[in-house]
Every structure is written in C-alpha cells, then in structure tokens.
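[1] Fold the following.
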Amino acid sequence: MKTITKKYAVAMLITLTIIASCSNDDHTSTSTTTPVVTAVPTVYKKIYGATSITNDGTYITIKTNGVPDHKSTYYPTTNALYEAYAGTTFEGNTFKKNPNVIATQTLTFKIPVNPTAATNHAATPLGAIGVALNGVALYNQYAGPNNQVLTSEIASFDQYYGHPQATGQYHYHVEPLYLTTVKSTKSGLMGFLLDGFPVYGPQEENGTTVTSAGLDVFHGHTHATIDFPNGIYHYHFTADAPYLNGNGYYGTAGTVTQ
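    Reported below is the predicted structural model:
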C-alpha cells in the first residue's frame, strides 16, 4: 500500500511538472502581428509638393501647405519667390493685381484610390476641387456664388496663371503654366480632382491640342495615358471655358479639409 502511494505521488509530481512547464511556455510565448502597410501607387508620388501621401486601401490622403513653388507677384515682397509682374496674363488680359497675398495653408485631400463613375454627378463647389502636382489647390470655372464666371478674375492671374483668394489660398482655375512649361509638359499629368480621376494638360501625348468641344460635359474623356496604360477617365485643362471642369465630378468625390 505504501509502495503504491509512493508511485502515485511520483506520477502526480511528474504530471504537475509537465503542466507547469507547458503553462510557463504559454505565458512566455509572444504573439506578434505584422501591421499591414498599403503602398502608395507610383503615380501619386508625382505630387511632389505634398508634405505627406498615405494610402489606407480606400483613400489616398495627400497633405500640402498649398503654396506654389514658383515665383509670383502675390508673395510678400520679403519672400524669395516674390517677383514683380506687369504685362499680359491668361487670354491676353492686361494683368491687374488683386489685394490678396499668398499664405501657407494646411490642406488634406482624401481621394478614392480606385475611382469609379458616379451614378449621380455632384456639382463641384467653390474652393478646392482637386490638387496639382506642386500641392496647389485646383478650383472650378466660377469666381463666386451664383455661377459668376471667371471673366472679371482672369486679369488677376499672375505670370503662372494662378492667384490667391481672401484667406491667401493660392490656386489655379486654368492651365498651371509653371507645371506645363517648366516641371512637366503640355500633355503631362497635372494632378487629381477629388473624385480620384487625373487631370492632364491642354494637349494629348501626340501633341494635339485639346478643346472643350472634344470632351464630355464633365470636361474629360477615357483613353490610355502614359501613367495609366490600361486607360482611365481623365480631365484636361483647355484654353477655352470651362477650362478644367464642366458639369461636375465624373466620379464620387472624396473630401478636402483645412
């Protein structure tokens, strides 16, 4: 009886030791989860004026300070990029400076990473409707509420066809001349609207000039480009109204905050 008890005790001791050992192994093991990092598609890296670009798989988030990287008569005279300007501007208008001065902004654009055509095409609002490669905001063809056309504002476009509004937000309504003639070409990628569809300059890659008559009511069309060889809907800047956008967004717009 005593022998049986001792054997039983030894078996129990071994069992408890094994359990304790397994228990300790469980507590000391560490479970690690590798965070999922979604790469930013190469085409968005062309937005060289962004302070950051990230991709959450649904939206590309682009942050910029909104100031142009080219000279402008709208910079404060103490700024290294200030340049006095006189002469003619877009559409041969005699330049007339507005009273505003370029100021640094904090802009966050969220655009769909996989844009699709909208069922209901929303009108573009006043203010930023997209972002240019240099981080400058893109505006539509209106100067103010009630669809005030740009006619009276065009004369205030600086030597690179942009100007600031009352809070100092610099922007382009028409062809961003610095991008089409210095940083890129007339047929190059100029940026993206908030619906995620790209914006190109006033020429096709074969050198043909694009006009509004050759585009749809949203001021775009679909075909392959050097950036999207499989084809994509895209907008064009044109020399004639509505310059960048027609009857609204072709796709479903993301957001812009500041």
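
[2] so which strand or helix has the residue lying closest to residue 82 once chain neighbours are set aside?
    Take residue 82 and drop its neighbours on the chain: the residue closest to it by C-beta to C-beta, 6 or more residues apart in numbering is residue 75, 4.1 Å away. The C-beta positions use only the backbone N, C-alpha and C, and glycine is treated the same way. Residue 75 belongs to no helix or strand when elements are defined using DSSP states H and E.

[3] Torsion angles phi and psi at residue 75?
    When quoted as degrees, to the nearest 10, the phi and psi of residue 75 stand at phi -70, psi 150.

[4] For residue 191, see how far away it is.
    As for residue 75, its distance to residue 191 is 21 Å (criterion: C-beta to C-beta, to the nearest Å).

[5] Among the two, which residue is more densely surrounded?
    Just comparing residue 75 and residue 191: by other C-beta atoms under 10 Å the higher neighbour count belongs to residue 191, 27 against 21.

[6] neighbours around residue 119, how many?
    As a measure of burial, residue 119 has 6 neighbours, counting by other C-beta under 10 Å.

[7] From residue 250, how far off is it?
    Residue 119 sits 12 Å away from residue 250, taking C-beta to C-beta as the criterion.

[8] now residue 148
    Noted for residue 148: a distance of 24 Å to residue 250, by C-beta to C-beta.

[9] ok, which stretches of the stretch 151-258 of the chain are strands?
    Taking DSSP state E, counting those that start in this stretch as the criterion, the stretch 151-258 of the chain carries its strands at 162-164, 170-172, 189-193, 198-200, 220-223, 232-236, 255-257.

[10] which one of these lies closest to residue 85?
    Taking C-beta to C-beta as the criterion, strand 162-164 is the member of the strands of the stretch 151-258 of the chain that comes nearest to residue 85, at 11.1 Å.
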